[in-house]
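S.K.: just need the structure, nothing else, for what follows:
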Amino acid sequence: MLILLLMTLRIITRLAFVVPDHEPPLNAFERLVSTSVHHLLYIALIVMPLLGWAATASGGFPVEFFHWHLPGLIGEREQLSEQLFMWHERLGWAILGLVVLHVAGAMFHWKIKRDNVMKRMSLFD
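M.R.: Okay, here's the model as predicted:
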């Protein structure tokens, strides 16, 4: 649930602030891969907690966020819960793969291309 809250805040800040241009610009392939990985991470990090919430609720378990009890999104259905937990696990592995791609891309730009991508990502100049 914390990831869902943080991703909601991240999307709000992403829409509220201007994203700086790449200097020098990325080539078409780099732009496609970068945009795809970022969008897939955003989608996965929103869907993952929703799947967990639905799987937990459909398994008949309480859904808790710190001291709050959240409403079950769906009624108790054991078979559905098993399927949702399976997809929750698969999505976890997909997120891991996307994070590896993201870090590999960052390392490529930092150590091999030595362009300004890491500086662009940094909070510090």
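S.K.: tell me which residue lies nearest the centroid of the protein.
M.R.: Leu45 (2.9 Å; C-alpha atoms, centre = their mean).
S.K.: buried residues in the helix or strand hosting that one?
M.R.: Mapping Leu45 onto the secondary structure by DSSP states H and E places it in helix 28-58. For helix 28-58, burial by neighbour count (16 or more other C-beta atoms under 10 Å) applies to 30, 34, 37, 40-41, 44-49, 51-58. In short, each C-beta sits where N, CA and C put it, glycine included.
S.K.: now swap in stretch 64-76 and tell me
M.R.: Those would be Gly72, for stretch 64-76 by 16+ other C-beta under 10 Å.
S.K.: determine how far the helix holding Leu45 lies from the middle of the whole chain.
M.R.: Averaged C-alpha coordinates place helix 28-58 at 5 Å from its chain's average position (C-alpha atoms, centre = their mean, to the nearest Å).
S.K.: which pLDDT value goes with Phe124?
M.R.: At Phe124, the pLDDT value in this model is 66.
S.K.: scratch that, Leu41
M.R.: Looking at Leu41, its pLDDT reads 97.
S.K.: count the neighbours of the residue nearest to it when sequence neighbours are not counted for me.
M.R.: Nearest residue to Leu41, sequence neighbours excluded (C-beta to C-beta, 6 or more residues apart in numbering): Leu98, at 5.1 Å. Other residues near Leu98 come to 18 when the count uses other C-beta atoms under 10 Å.
S.K.: kindly report the same for Leu101.
M.R.: 16.
S.K.: repeat for His102
M.R.: 15.
S.K.: quick revisit: right, and the helix or strand after the helix holding Leu45?
M.R.: Trace forward from helix 28-58 with DSSP H and E and the next one is strand 63-65.
S.K.: quick one: name whatever helix or strand follows that next one.
M.R.: strand 68-70.
S.K.: strand partners (parallel or antiparallel) of that next one?
M.R.: Each strand paired with strand 68-70, and its direction, by DSSP bridges: strand 63-65 (antiparallel).
S.K.: excluding its backbone neighbours, what's nearest Leu45?
M.R.: Going by C-beta to C-beta, 6+ apart, Leu45 has Met7 as its nearest residue, at 4.9 Å.
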